[in-house]
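K.L.:
Build me a model from this:
(2 chains)
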Amino acid sequence: MSMNLGPGQLVSWNRSCGLFWLMPAGLIVAATGVALSFSVGSYAVPLIVGGAGLALVGSARVSVDDSGVSVASTLLPFVRRRIPLDKITRAWSKEDTTLTELAGFGYRIQPGRTAVALRPGNALWLRLRTGNEFVITTDNAEDAAKLVNALITRKQQT
Amino acid sequence: MLITIDTTSAVPLSEQVASSARRAMAEGSLRPGDRLPSARDVARSLGVNMHTVLRGYQTLRSEGLIDLRPGRGAVVTEAAAQSKAVLILKVRELADVASALGMTEDEVVQLVRGALRSPGQPVPHA
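P.N.:
Residues are numbered from 1 along each chain as shown, chains lettered A, B, ... in the order given. Prediction:
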């Protein structure tokens, strides 16, 4: 099923993605690291860095609108990645995306593919004008993909 | 949640925001405990005024579908079990169709009353 957008229509799709307990878990790990640092000193650094990293990427919000696709950390919303609509050629969803094909968990960069991989399963796949792919794991990726394609079509018509 | 707004429609923008959220609840893509995107984000993303979005959220709160708490944002209530959102959505549609047909309030109420009193029967009409 495809979607049609008229010129007078404003649309925005928005969804939080990732696992809800990852961000608090990351904060707890980081806090434990800070507490331990008083007794074990620099040995606690990996805990602090790892925990902070987990808290930052553990949960994110992905949105699709006329300006393009963007994904932002829930904890620090200014940590975000924007992909302008005119850089995207096509979008689709893939129900059985695995973390192996995205090269692991978190913000992953491989040759030809960048991914925000927060869990296996449904994901939004974007083909960029450069030929690269951008992948975001999110529920309800079908709707997001449909909307991206409809927005691209409308932009081309005007 | 997908928010769609038709700027050429006579329905107020804030009501269209509220309708989009009700539809998401009815379809199950917004569940109790889920957080709605912040009014500021929605406004920026759609290119409308933030107060328009907030007015839509206020409507949802007065219908008991969301809780608005300072600092925590808009959270879908337990009471917003799918059925209620569906019902409110249908009532909205009913009101829109009825006013498009030029029916009076009494006529609409009479129709609904007739349907409630004879479940499963064809709706009697005047």
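
K.L.:
how about the residues of chain A that lie near chain B?
P.N.:
A:6, A:8-16, A:61, A:63, A:65-67, A:140, A:143, A:147 (Cβ under 8 Å from any Cβ of the partner chain). Placement of C-beta: from N, CA and C, glycine included.

K.L.:
switch to 7 Å and redo it
P.N.:
A:8-14, A:16, A:63, A:65, A:140, A:143, A:147 (Cβ under 7 Å from any Cβ of the partner chain).

K.L.:
Counting neighbours, which of those residues end up buried?
P.N.:
Burial by neighbour count, 16 or more other Cβ atoms under 10 Å in any protein chain shown: within these this picks out A:9-14, A:16, A:63, A:65, A:140, A:143, A:147.

K.L.:
Give me the subset of those lying in helices.
P.N.:
Counting by DSSP state H, those place A:143, A:147 in helices.

K.L.:
For the buried ones among the residues of chain A next to chain B, give me a markdown table that also has distance to A:Val49.
P.N.:
A markdown table is the format used below for these (distance: Cβ to Cβ, whole Å):
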| residue | distance to A:Val49 |
| --- | --- |
| A:Gln9 | 45 |
| A:Leu10 | 41 |
| A:Val11 | 39 |
| A:Ser12 | 35 |
| A:Trp13 | 33 |
| A:Asn14 | 30 |
| A:Ser16 | 24 |
| A:Ser63 | 28 |
| A:Asp65 | 34 |
| A:Asn140 | 33 |
| A:Asp143 | 36 |
| A:Leu147 | 37 |
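
K.L.:
element containing the closest residue to B:Ser19 other than its chain neighbours?
P.N.:
Excluding the flanking residues, the one nearest B:Ser19 by Cβ to Cβ, 6 or more residues apart in numbering or on different chains is B:Arg92, at 6.5 Å. Assigned by DSSP states H and E, B:Arg92 belongs to helix B:82-100.

K.L.:
Counting by contacts, list what that helix packs against.
P.N.:
If contacts are counted by 3 or more Cβ pairs under 7 Å, 6 or more residues apart in numbering or on different chains; DSSP states H and E, helix B:82-100 sits against helix B:13-27.

K.L.:
what about the helix it packs on, distance to the chain center?
P.N.:
5 Å (Cα atoms, centre = their mean, to the nearest Å).

K.L.:
What's the first helix or strand after it?
P.N.:
helix B:39-46.

K.L.:
quick revisit: of all the residues of chain A next to chain B, which comes closest to A:Phe78?
P.N.:
Closest approach to A:Phe78 among the residues of chain A next to chain B (Cβ to Cβ): A:Ser63, at 14.3 Å.

K.L.:
doesn't B:Arg44 make contact with that closest one?
P.N.:
No. Contact between A:Ser63 and B:Arg44 fails when scored by Cβ atoms under 7 Å: they sit 9.8 Å apart.

K.L.:
excluding its backbone neighbours, what's nearest A:Val11?
P.N.:
Excluding the flanking residues, the one nearest A:Val11 by Cβ to Cβ, 6+ apart is B:Thr4, at 5.0 Å.

K.L.:
quick one: A:Ala35 from A:Leu22, how far?
P.N.:
20 Å (Cβ to Cβ, to the nearest Å).

K.L.:
Give me the more crowded residue out of these two.
P.N.:
Taking other Cβ atoms under 10 Å in any protein chain shown, A:Ala35 and A:Leu22 do not tie; A:Leu22 has more neighbours (20 against 11).

K.L.:
ok, for the more buried one, nearest residue in space, not its chain neighbours?
P.N.:
A:Gly58 (2.8 Å).

K.L.:
burial measure for that neighbour, as a count.
P.N.:
Residues near A:Gly58, counting by other Cβ under 10 Å: 24.

K.L.:
was I right about it contacting A:Pro24?
P.N.:
No. Counting by Cβ under 7 Å, A:Pro24 is not a contact partner of A:Gly58; they are 8.2 Å apart.

K.L.:
ok, and what's touching the helix ranked longest in chain A?
P.N.:
Longest helix in chain A by number of residues (criterion: DSSP H): helix A:22-40. The contact list for helix A:22-40, computed with Cβ atoms under 7 Å, 6 or more residues apart in numbering or on different chains, reads A:44, A:47-48, A:50-52, A:54-55, A:58-59, A:74-75.

K.L.:
Alright, I will stop here.
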